[in-house]
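Asks: Predicted model and sequence follow; I will ask about them next.
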Amino acid sequence: MPAVSPTTLAFVRQHKDDDPLQLLLQQQHYPEVDMRMAAQQIEGRQQARSKWPTLHACEKVLYPQKLNREQSSSETSARYKTSLLESIHPHSTIADITGGMGIDSWLFAQRSAHVDYIEQDTTLVDIAIHNFAALGVTNIRCHCDDGIAWLHGNDSHYDTIYVDPSRRDSNGRRVQAFEDCTPNLLEHLDFLLSRCHLLMVKASPMTDLTAAIAQLRTVREIHIVAVDGECKEVLFLVDSVTTPQQMPIHCVDIHADHTFHNTFTRESEDAAAVCYASSVDRYLYEPNATLMKGGAFHSISSWYDAPQLGRATHLYTSSRLITDFPGRIFEVLNPVALNAKDVRRLLPDNRCHLLCKNYPVSTAVLRKQLRLEEGGDCHLIATRIGQVPIGLLCKRVFPAAPILP
């Protein structure tokens, strides 16, 4: 990364809340400023306000290009990953072999004796070295190299190796399968496991869990991590020695004031009593994205004593308000026939939030059929109970933040 001049850094501080695109258009008015670099830093700082608040508080931190920032872990999800290390190997040694922007390495270093950060992009390495120093981190060694090649070039053995394969191909298109990512984890799996006690693999939220478990062979745990309801990543902890008979799947949804953490196994899910509703009660529940991804559909019904509307309808109902339910809660106001005339009677301004769950047509198609606009205070849920399509006019319920472990 080229050196950022004091003039450009001063400009960044002065215009930290301005629109970077507008500043680029005004470049001719500031000939002494590297405006492209200034815009990159201003945009990075604005993104950091929510994604990396600790970095945002440190004015010395520099930010890479947009694609690198988008591919980086958020501070919240990286802190969760770091929390796993203490219970696995206290005071451990870690190799982050796909270092990127360095967010994970920075937080790993707070719980570990030593971290090796390896990244082959020289610009990212320069930024990471600068930022680690700005943040006062002294127990990370930075290496500019391909992570797999670097491991082959020495005989180091680690408590944990962390890998976050790039999910873009040579043409920049998104890919999901391990064999299409870089590095191809499956080609190097045995080698990586020979060099650590535990391999932590970050995968896309779109990853097929069943296929990944089979490919990684000795998965010890799975952690599905969401931030504010949005699924961000799937973590596979792969043990180099053994695999438990019943592999826990942790579904974690992190909010500012509480965290939902539900754990189940595929065996406990298969054994959970199946309970389906014959009618819709006062409250309706939509599980959070991590539980949907994990597939804890029978377990949810068992945990919260809330029948499911149908085998393929992943909504739940109860007559009592379950304030600690891990997902969205709705109060049912009225059943409604899903035709334009009946909907207009209940929604004279033709505005609502529409949700289709296991309904014969998509949300976009139904919205057009009913001539609805997005917005308002009500939710119209089109779904099925058993095999019967139904419409439910609802409002969101926001209970006080539950007290959760």
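Replies: On my side now, so go ahead. Numbers count the residues shown, from 1 in each chain.

Asks: which non-adjacent residue is nearest Asn131?
Replies: Val61 (5.2 Å; CB to CB, 6 or more residues apart in numbering). Any C-beta I mention is one placed from the backbone N, CA and C, and that applies to glycine too.

Asks: What ranges does the stretch 201-350 of the chain have for its strands?
Replies: In the stretch 201-350 of the chain, the segments counted as strands under DSSP state E, counting those that start in this stretch are 219-227, 230-239, 249-254, 259-264, 283-287, 308-310, 313-318, 327-335.

Asks: about what we covered before: on the three-state scheme, the residue nearest to Asn131 is what?
Replies: Secondary structure assignment for Val61 (DSSP: H, G, I helix; E, B strand; the rest coil): coil.

Asks: possible to save the strands of the stretch 201-350 of the chain as a markdown table with mean pLDDT?
Replies: What follows is these, written out as a markdown table (pLDDT from 0 to 100):
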| stretch | mean pLDDT |
| --- | --- |
| strand 219-227 | 96 |
| strand 230-239 | 94 |
| strand 249-254 | 97 |
| strand 259-264 | 96 |
| strand 283-287 | 97 |
| strand 308-310 | 93 |
| strand 313-318 | 95 |
| strand 327-335 | 96 |
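
Asks: wait, which of the ones you listed is closest to Met206?
Replies: strand 230-239 (8.8 Å; CB to CB).

Asks: So what's the gap between stretch 310-324 and the chain middle?
Replies: Computed by CA atoms, centre = their mean, to the nearest Å, the chain-centroid distance of stretch 310-324 equals 24 Å.

Asks: Pull out the buried residues from it.
Replies: Residues 310, 313-318, 322 are the ones in stretch 310-324 that count as buried (16 or more other CB atoms under 10 Å).

Asks: And the pLDDT at Gly375?
Replies: Gly375 carries a pLDDT value of 93.

Asks: Nearest to the spatial middle of the chain, which residue is it?
Replies: Lys232 (0.9 Å; CA atoms, centre = their mean).

Asks: Past the longest strand seen in the chain, which element shows up next along the chain?
Replies: Identified as the longest strand of the chain according to DSSP state E is strand 373-385. Sequence-wise, the next helix or strand downstream of strand 373-385 (DSSP states H and E) is strand 388-397.

Asks: Need the contact partners of that next one.
Replies: Residues from elsewhere that reach strand 388-397 (CB atoms under 8 Å, 6 or more residues apart in numbering): 280, 283-284, 321, 328-338, 343, 346-347, 352, 359-360, 377-384.

Asks: How about stretch 36-54?
Replies: 2, 4, 8-9, 11-12, 15-18, 20-21, 23-24, 55-56, 61-66, 69, 74-75, 103, 135.

Asks: mind listing the helices in the stretch 101-250 of the chain by residue range?
Replies: Using DSSP state H, counting those that start in this stretch, the helices of the stretch 101-250 of the chain run over residues 103-108, 122-134, 147-152, 185-194, 209-216.

Asks: Tell me the gap between the first one and the middle of its chain.
Replies: Read it as helix 103-108. Per CA atoms, centre = their mean, the centroid offset for helix 103-108 relative to its chain is 16 Å.

Asks: Over to the last one?
Replies: Relative to the chain's own centre, helix 209-216 is displaced by 19 Å; criterion: CA atoms, centre = their mean.

Asks: Just list what that helix packs against, helices and strands only.
Replies: helix 185-194, strand 219-227, strand 230-239 (3 or more CB pairs under 8 Å, 6 or more residues apart in numbering; DSSP states H and E).
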